[in-house]
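[1] quick one, what's the 3D model for this:
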Amino acid sequence: MADSHHLVGRCPLSNRPDATIGEVREVEDGLLFCIRWGETPITRDGRVLGMTAVQYTWLRCTEQDPEIVLQLTRRWHALYGDCDDPRITDAEPPPDVPCGGWLSPEGRLWRGSDYTHPIMATRIASILGVALPHEPREGIWDAARALETRAWIHLQDNGDYGRPASITQPQRDSLFDYAMRFPAIRDRILWQLKHE
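    Numbers count the residues shown, from 1 in each chain. Next comes the predicted model:
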């Protein structure tokens, strides 16, 4: 059972006590696990205005030793999109887990955790040959902007998505199908589709 794994509940990052290992699944090439980013206060002028949403980041690691997994997780987090250690990488969440990603104008959803959407945007841009600025202004975020200007939709883990100038029928169909597949985000997606 995933909940009984010895990594569940461990804090992989010393500077983020709100981050814990939330679920671990053993897969053929190692471990598939998620970091659960807990709620943190949003403050202004010393007042708490609200709390951030809980988010999940799925990673794949070829190592099994808990201390090595935690060490690699810290390295991945510190280097984010530049981590080139082949033992750990961001991963698409399991098929039974609702998540966001990038939805192409043709309706294909590239699934991934909210936290890794900028990394995914860079990969998609590279795969599709989308030109990015030669001098990055904000680095990894340029790819996300490039996709959005090409009518891609950024779907968040909770079902929210950016308001595109226009939504294609294949995107509308994919969002509807995805909402039907995952009751946890159904209401949010359907509400937005209704108000397009």
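
[2] now D82: how far from I119?
    10 Å (CB to CB, to the nearest Å). Placement of C-beta: from N, CA and C, glycine included.

[3] neighbour count: those two, which is higher?
    Using other CB atoms under 10 Å as the criterion, D82 and I119 rank with I119 on top: 20 against 10.

[4] and the more buried one, how far is that from C83?
    10 Å.

[5] also T40?
    When distance is defined by CB to CB, T40 is 23 Å away from C83.

[6] who's more crowded, the two?
    C83 (17 against 14).

[7] can you pull the contacts of the more buried one?
    R75, W76, T89 (CB atoms under 8 Å, 6 or more residues apart in numbering).

[8] one more time with 7 Å, if that's ok
    Going by CB atoms under 7 Å, 6 or more residues apart in numbering, C83 touches R75, W76.

[9] could you do T89 as well?
    L59, R60.

[10] what mean pLDDT does the one helix or strand it maps to have?
    Under the criterion of DSSP states H and E, T89 resides in strand 88-90. For strand 88-90, mean pLDDT is 95.

[11] direction included, what does that strand pair against?
    Strand pairing for strand 88-90, determined by DSSP bridges: strand 55-61 (antiparallel).

[12] which SSE is immediately downstream of the partner strand?
    From strand 55-61, the next helix or strand downstream (DSSP H and E) is helix 66-79.

[13] now that following helix: how far from the chain's centre is it?
    Helix 66-79 sits 18 Å away from the centroid of its parent chain (CA atoms, centre = their mean, to the nearest Å).

[14] and the contacts of it?
    Contacts of helix 66-79 (CB under 7 Å, 6+ apart): 6-7, 10, 12-13, 31, 59, 61, 63, 83, 85, 87-88.

[15] list buried residues within the residues you listed.
    Taking 16 or more other CB atoms under 10 Å as the criterion, what is buried in these is L7, R10, P12, L13, L31, L59, C61, C83, R87, I88.

[16] could you export those as JSON lines, including distance to Y161?
    JSON lines is the format used below for the buried ones among the contacts of helix 66-79 (distance: CB to CB, whole Å):
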{"residue": "L7", "distance to Y161": "32"}
{"residue": "R10", "distance to Y161": "32"}
{"residue": "P12", "distance to Y161": "29"}
{"residue": "L13", "distance to Y161": "28"}
{"residue": "L31", "distance to Y161": "30"}
{"residue": "L59", "distance to Y161": "24"}
{"residue": "C61", "distance to Y161": "30"}
{"residue": "C83", "distance to Y161": "27"}
{"residue": "R87", "distance to Y161": "33"}
{"residue": "I88", "distance to Y161": "29"}
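
[17] I'm done for today, thanks for sticking with me.
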